[in-house]
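Enquirer: Build me a model from this:
(one chain, ligands or ions: 1)
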Amino acid sequence: MTPDIFPLVAGNWKMNGERDKLDQLALMAQGVDEELADNVDVVVCPPSTLLYVATTLSEDTGLQVGAQDCHNEASGAHTGDISAEMIKDCLADYCIVGHSERRVDHGESDFHVAGKAQACWRAELTAIICIGETEAEYDAGKAEDVLSRQIAMSVPEGATEDDTIIAYEPVWAIGTGKTPSPDDVKAIHAFIREELAQKFGGHGERMRILYGGSVKPANAAELLSVENVDGALVGGASLKAEDFLAICDVYRKL
Ligand code: PEP
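Expert: As a prediction, the model looks like this:
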């Protein structure tokens with residue numbers, strides 16, 4: 001946690017979830033009561049096929065909705081892509097960009113990611129920009145260099161705490177059950193905070209920095225209480241309302 005920064009927990013369903021998973025989303029919407037919403041922003045990012053129905057189901061509840069990716073342009077000849085404007089039209093408020101699975105599977109560079117973040121701002125979506133080193137980069141002692149480059153190149157000039165959230169996700173911790181130790185998380189989040197403050201001044205000091213990578217109910221309290229960890233980006237454990245809400249519930253006590 002960082003004093004005076006309101007935390008956020010986002011669930012990334014990835015390419016999981018047909019209509020029969022909407023009961024989980026409805027349970028999440030029920031679970032985000034006033035007390036929880038007063039302590040943490042709770043966001044679910046289903047596949048784009050469920051986006052509009054998700055915002056409809058969560059209307060007038062504390063649950064907020066985001067998308068998992070967007071194109072950098074508003075419209076045009078880009079078969080299979082969706083724009084930030086389309087996401088906004090579905091009444092969502094957030095969009096993840098630069099997830100390592102997009103960077104790897106679709107060859108997205110820092111330049112692409114920055115363009116997508118700007119598209120989010122254009123459509124008045126909050127961009128959740130993912131950064132993180134691979135296992136090989138971690139083993140080679142290059143994590144800080146990679147993060148520094150990603151912050152310099154993927155997070156556009158002019159980012160503020162109102163339109164941008166950073167998600168630090170060590171690629172080797174995503175979906176593997178492995179997590180860095182709380183001391184390692186503390187050190188790397190302090191480094192990210194410093195880089196953000198250098199680049200964005202006071203905005204960087206106030207920007208939310210999420211931790212992502214194998215967060216589950218059993219380790220959430222330990223990870224979320226680390227300094228400069230202002231929430232979590234949760235993959236696998238966000239598919240079940242019970243697990244996702246158990247992670248969010250940590251903020252009732254922190
Ligand atoms: C993710 O995909 O952003 C993620 C953190 O996944 P998991 O929680 O399953 O490691």
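Enquirer: how about the helices in this protein?
Expert: 22-31, 34-37, 51-58, 84-89, 100-105, 110-122, 135-139, 143-154, 182-200, 202-206, 217-224, 241-248, 250-253 (DSSP state H).
Enquirer: ok, what's across the strand from the residue in the stretch 1-150 of the chain that the ligand sits nearest to?
Expert: For the stretch 1-150 of the chain and the ligand, the shortest gap (Cβ to the nearest ligand atom) falls at N12, measuring 4.5 Å. All C-beta spots, glycine's among them, are computed from the backbone N, C-alpha and C. In this entry, N12 is beta-bridged to C45, by DSSP bridges.
Enquirer: who are the neighbours of the worst-scoring helix or strand of the chain on mean pLDDT, in terms of helices and strands?
Expert: Lowest mean confidence among the helices and strands of the chain (mean pLDDT, DSSP states H and E): helix 250-253, at a mean of 94. Other helices and strands packing on helix 250-253, by 3 or more Cβ pairs under 8 Å, 6 or more residues apart in numbering; DSSP states H and E, are helix 34-37, helix 217-224.
Enquirer: Kindly export that helix (C-alpha atoms) in PDB.
Expert: The C-alpha coordinates for helix 250-253 follow below in PDB (Å, rounded to 0.1, in the frame of the first residue of the first chain):
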ATOM      1  CA  VAL A 250      -8.000  -8.200   2.100                       C
ATOM      2  CA  TYR A 251      -8.700  -4.500   1.800                       C
ATOM      3  CA  ARG A 252     -11.400  -4.700   4.400                       C
ATOM      4  CA  LYS A 253      -8.700  -5.200   7.000                       C
END
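Enquirer: Show me the contact partners of that helix.
Expert: Helix 250-253 has contacts (Cβ atoms under 8 Å, 6 or more residues apart in numbering) with P7, V9, E35, L36, N39, V40, A220, A221, L224, S225.
Enquirer: burial of the spatially closest residue to the last one that is not a sequence neighbour, as a residue count?
Expert: Leaving aside its chain neighbours, S225 sits nearest to L254 (6.0 Å; criterion: Cβ to Cβ, 6 or more residues apart in numbering). Taking other Cβ atoms under 10 Å as the neighbour definition, L254 ends up with a count of 11.
Enquirer: ok, L254 - contacts?
Expert: Contacts of L254 (Cβ under 8 Å, 6+ apart): M1, N39, A221, L224, S225.
Enquirer: Could you measure from F200 over to A241?
Expert: To A241, F200 is 35 Å away according to Cβ to Cβ, to the nearest Å.
Enquirer: doesn't E137 make contact with V146?
Expert: Yes: counting by Cβ atoms under 8 Å, V146 touches E137, with 5.0 Å between them.
Enquirer: For the stretch 101-250 of the chain, what lies in contact range of the ligand?
Expert: E169, I174, G175, G212, G213, S214, V215, L233, V234, G235, G236, A237 (Cβ under 6 Å from any ligand atom).
Enquirer: which one of these sits closest to the ligand?
Expert: Closest to the ligand, out of all of these and judged by Cβ to the nearest ligand atom, is G235, at 2.1 Å.
Enquirer: Count the residues that sit near the residue nearest to that closest one when sequence neighbours are not counted.
Expert: Spatial nearest neighbour of G235, chain neighbours left out: N12 (5.1 Å); criterion: Cβ to Cβ, 6+ apart. N12 has 26 neighbours, counted by other Cβ under 10 Å.
Enquirer: When you compare pLDDT across the contacts of L254, which one is lowest?
Expert: pLDDT across the contacts of L254 is at its lowest for M1, which sits at 85.
Enquirer: OK, contacts around it?
Expert: Contacts of M1 by Cβ under 8 Å, 6+ apart are P7, L224, S225, V226, E227, V229, D230, L254.
Enquirer: Now list the buried members of the residues you listed.
Expert: P7, L224, V226, V229, D230 (16 or more other Cβ atoms under 10 Å).
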